[in-house]
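**Q** fold the following, please.
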Amino acid sequence: MTDIEQLYHTYFNDVYRYILRLSGNAHTAEEITSETFFKAIKSIDRFRGDCDARVWLCQIAKNCYYSYVKKIEKTVSSEETELRESPDPSSDVAEEYAVREELERIRQILHGISEPYKEVFMWRVYAQLSFREIAQMFGKNENWACVTYHRARKMIKERLEEKN
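**A** Sure, this is the predicted structure:
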């Protein structure tokens, strides 16, 4: 078994779950996970090993996902404009739209908070890493990871309340 095959078998589920939590869509998670491993194959010779392979793969996955989001935002923005101009009277559609707006606000807030809070929050929520795993990635202890995560949550909550 080659190194990349080993990486694929070992970390596929971790990368998939991370992107699934990030995107909320199984099809998107499959596409991004495939793209992640394709990019990893192309750049395996540049992997220096200063971090865990899962961290490296999830970083690639995160970058792939953000590129994907930017690409579809351009397409979706015109459709959203049309949706806003002619709202559907159905309450289900209105609720779904409200949830999407709230998720978008959270995403924007998340991108506005400083490091390491943003990274710790994303690893905890989207990749479902334990505080121990997060602490290891940053070379800190579990308490630091836990405190940093809760501070990030508090920042996001406060900024959401400000916007509301």
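**Q** tell me which element the residue nearest to the spatial centre of the chain is part of?
**A** What sits nearest the mean C-alpha location of the chain, by CA atoms, centre = their mean, is Leu22, with 3.7 Å. Secondary structure from DSSP states H and E places Leu22 in helix 3-23.
**Q** show the average pLDDT along that helix.
**A** Averaging pLDDT along helix 3-23 gives 84.
**Q** immediately after that helix, which helix or strand?
**A** With elements assigned by DSSP H and E, the helix or strand that comes after helix 3-23 is helix 26-43.
**Q** pull the residues that contact that next one.
**A** Applying CB atoms under 8 Å, 6 or more residues apart in numbering, the contact partners of helix 26-43 are 4, 7-8, 12, 15-17, 19-20, 22-23, 47, 56-57, 60-61, 64-65, 68. All C-beta atoms are positioned from the backbone trio N, CA, C, and that covers glycine.
**Q** if any of those residues are buried, put those into a PyMOL selection.
**A** In PyMOL syntax, the buried subset of the contacts of helix 26-43 is picked out as below (16 or more other CB atoms under 10 Å):
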select buried, resi 7+8+15+16+17+19+20+22+23+56+57+60+61+64+65+68
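**Q** for Cys51, helix, strand, or coil?
**A** coil (DSSP: H, G, I helix; E, B strand; the rest coil).
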